[in-house]
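Colleague: the following comprises the amino acid sequence and a computationally predicted model.
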Amino acid sequence: MNSLRSTLQMSAILAASFCSAAAQTPANTTQAPGAASQNGAVAPKTYDPALVQSGSALFRQDCSFCHGRQAGGGETGPDLTRSKLVTADVDGDKIGPVVRNGRPDKGMPPFDRSDQQIASLAAFIHTQQSNALRSGGRKGVDASDLQTGDVEAGRQYFNGAGGCATCHSPTGDLAGIASRHKGLELEELMLYPKHAKSQVTVTLASGQTITGTLAYLDEFTVGLIDPEESYRSWRTRDVKYKVDTPVDAHVDLFSKYTDADIHNLMAYLQTLQ
């Protein structure tokens with residue numbers, strides 16, 4: 001439930017009631033919030049091990065590169081075992097909408113998943129939450145989680161369907177990017193480059209156009225840094241201007257990416273040393 005790519009920042013505090021329930025759960029039990037136990041406390045719900053196994057495989061495919069293969073979080077993906085949303089979830093009723101809709105503002109693309117797949121993901125995540133309550137551990141993200149794509153397929157996507165080559169060049173702005181940014185940091189930049197600088201083209205009354213890096217914009221003034229590194233500004237009522245925000249193109253891709261696209265593109269970018 002990506003990295004990609006800054007991340008879903010959910011709360012790091014679990015409801016206290018889960019602590020007492022987890023303390024009574026055998027280490028090999030696959031459970032989540034559910035029925036009452038013999039002493040009247042709320043006991044975790046038991047999941048079919050086959051469903052949990054299916055969810056584990058799907059989670060590793062779609063989500064581990066941000067959230068860690070055990071859902072314990074990574075550098076940018078939050079620890080789902082300590083998530084309030086997960087704690088409040090019942091059979092995927094809250095996890096499902098996040099998976100299917102994504103959170104573009106946090107760098108998470110949507111994933112088109114069936115009800116059965118959502119159920120399996122929820123079963124796996126709740127199981128990991130129960131395990132975390134018992135162990136207090138945080139597994140994080142293994143390097144192998146980020147190295148599952150096909151480099152050549154990623155290169156083709158970069159130059160073709162993804163449209164990446166229209167703005168970027170592996171020998172230009174992306175040259176050496178895998179040396180400057182590692183692992184999840186690289187993936188976050190790929191999915192949601194929130195610090196990317198916007199460009200603006202200002203057209204004067206004379207018809208002359210000036211293009212540069214957007215430095216200032218409000219309803220009265222537009223300012224830019226031109227190619228000579230000089231700051232220039234105009235009253236907005238006196239000119240026409242068009243802003244090109246690079247991050248918008250990345251956000252637009254969220255609804256178009258397939259799982260393979262993300263893995264393959266990441267694999268290709270990792271070769272740009």
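Modeller: Here it is on my side, so go on.
Colleague: how many neighbours does residue 247 have?
Modeller: A count of nearby residues for residue 247, using other CB atoms under 10 Å, gives 15. Any C-beta I mention is one placed from the backbone N, CA and C, and that applies to glycine too.
Colleague: ok, it touching residue 193?
Modeller: Yes - taking contacts as CB atoms under 8 Å, residue 247 lies within contact range of residue 193: 5.7 Å.
Colleague: mind listing the strands for the stretch 151-273 of the chain?
Modeller: 199-203, 209-217, 221-225, 231-235, 240-244 (DSSP state E, counting those that start in this stretch).
Colleague: and the residue lying closest to residue 60 once chain neighbours are set aside, how far from residue 51?
Modeller: With sequence-adjacent residues excluded and distances taken as CB to CB, 6 or more residues apart in numbering, residue 60 is closest to residue 69, at 5.4 Å. For residue 69, the distance to residue 51 equals 18 Å [CB to CB, to the nearest Å].
Colleague: right, and residue 69 touches residue 58 too?
Modeller: No - the criterion here is CB under 8 Å, and residue 69 misses it with residue 58 at 11.8 Å.
Colleague: was I right to think residue 213 contacts residue 224?
Modeller: Yes - at 6.1 Å, residue 213 counts as touching residue 224 under the criterion of CB under 8 Å.
Colleague: ok, the two, which is more surrounded?
Modeller: residue 224 (25 against 15).
Colleague: so residue 104 makes contact with residue 252?
Modeller: No - the criterion here is CB under 8 Å, and residue 104 misses it with residue 252 at 9.3 Å.
Colleague: let me see the ranges of the helices in this protein.
Modeller: Remark: helices assigned in the chain by DSSP state H are 17-23, 49-62, 64-67, 84-88, 95-101, 115-135, 151-159, 177-180, 183-191, 246-253, 259-269.
Colleague: tell me the most buried of those?
Modeller: When the helices of the chain are scored by mean count of other CB atoms under 10 Å, the highest mean neighbour count falls to helix 64-67 (a mean of 30).
Colleague: now do it: which elements does it pack against?
Modeller: Packed against helix 64-67, as judged by 3 or more CB pairs under 8 Å, 6 or more residues apart in numbering; DSSP states H and E, are the following elements: helix 183-191, helix 259-269.
Colleague: may I have it exported as CSV, CA atoms only?
Modeller: In CSV, the C-alpha atoms belonging to helix 64-67 read as follows (Å, rounded to 0.1, in the frame of the first residue of the first chain):
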residue,chain,number,x,y,z
SER,A,64,6.0,-4.5,1.6
PHE,A,65,8.2,-2.0,-0.2
CYS,A,66,6.7,0.8,1.9
HIS,A,67,5.3,-0.9,5.0
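Colleague: model confidence over that helix, on average?
Modeller: In this model, helix 64-67 has an average pLDDT of 76.
Colleague: how far away from the center of its chain is stretch 195-207?
Modeller: 30 Å (CA atoms, centre = their mean, to the nearest Å).
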